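**Student:** just coords:
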């Protein structure tokens with residue numbers, strides 16, 4: 001229900017920062033992750049089901065973007081796709097990469113919190129310089145993640161917040 005409310009917020013022109021990174025997207029995804037953990041879903045769900053879900057919801061996300069001209073920040077299939085991807089990678093124990101797991105444990109929350117702010121700053125700079133961000137997402141992802149990780153480590157170093 002909450003992603004549907006967020007979808008409506010995006011159509012009504014409510015600023016993204018008010019609904020995406022907090023009440024309508026952040027908290028539900030954290031609660032969903034806790035539910036997956038509590039119910040041990042990565043061991044209960046068939047991997048083929050997850051692969052089909054990833055394929056289906058990827059196609060739906062692409063079609064959503066095409067038919068709505070990417071006018072919204074939240075694609076309708078995003079919560080379902082991210083749930084399938086998350087469970088799929090939890091299920092694939094043989095793909096366990098220690099340094100990526102360490103980043104996820106140590107910095108995942110802060111990367112999630114900071115990434116939108118960093119993207120907004122970069123978008124403002126592009127706009128100020130008269131540029132267009134179209135086509136830059138692929139090269140900006142690592143930059144946004146690295147800056148977010150740096151801010152995460154800074155917060156942890158100065159012990160600004162204890163989580």
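**Tutor:** The structure has been received and is ready for your questions. This structure is a prediction, so every number in the text was calculated from the model and none was measured. Residues are numbered from 1 along each chain as shown.

**Student:** from memory residue 36 sits against residue 86, does it?
**Tutor:** Yes. Residue 36 is within contact range of residue 86, at 7.1 Å (criterion: C-beta atoms under 8 Å). In this view, the C-beta of every residue, glycine as well, is placed from N, C-alpha and C.

**Student:** name the element the spatially most central residue of the chain belongs to?
**Tutor:** By C-alpha atoms, centre = their mean, the chain has its centre lying nearest to residue 112, at 6.9 Å. Residue 112 is part of helix 98-128 when elements are defined by DSSP states H and E.

**Student:** Return the set of buried residues in that helix.
**Tutor:** 107, 110, 111, 112, 113, 114, 115, 116, 118, 119, 122 (16 or more other C-beta atoms under 10 Å).

**Student:** Next, format the residues you listed as TSV and append pLDDT and distance to residue 92.
**Tutor:** Compiled in TSV, the buried residues of helix 98-128 are given as follows (pLDDT from 0 to 100; distance: C-beta to C-beta, whole Å):
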residue	pLDDT	distance to residue 92
107	86	21
110	84	25
111	85	21
112	80	22
113	80	27
114	85	27
115	83	24
116	78	28
118	88	29
119	82	28
122	84	32
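
**Student:** pLDDT score for residue 98?
**Tutor:** At residue 98, the model reports a pLDDT of 81.

**Student:** With the one 4 residues further on instead?
**Tutor:** With respect to pLDDT, residue 102 has a value of 83.

**Student:** show me what contacts it?
**Tutor:** Applying C-beta atoms under 8 Å, 6 or more residues apart in numbering, one finds that residue 102 lies in contact with no residue.

**Student:** and the gap between it and residue 96?
**Tutor:** Distance, residue 102 to residue 96, using C-beta to C-beta, to the nearest Å: 11 Å.

**Student:** ok, now residue 150?
**Tutor:** The spacing between residue 150 and residue 96, counted by C-beta to C-beta, is 25 Å.
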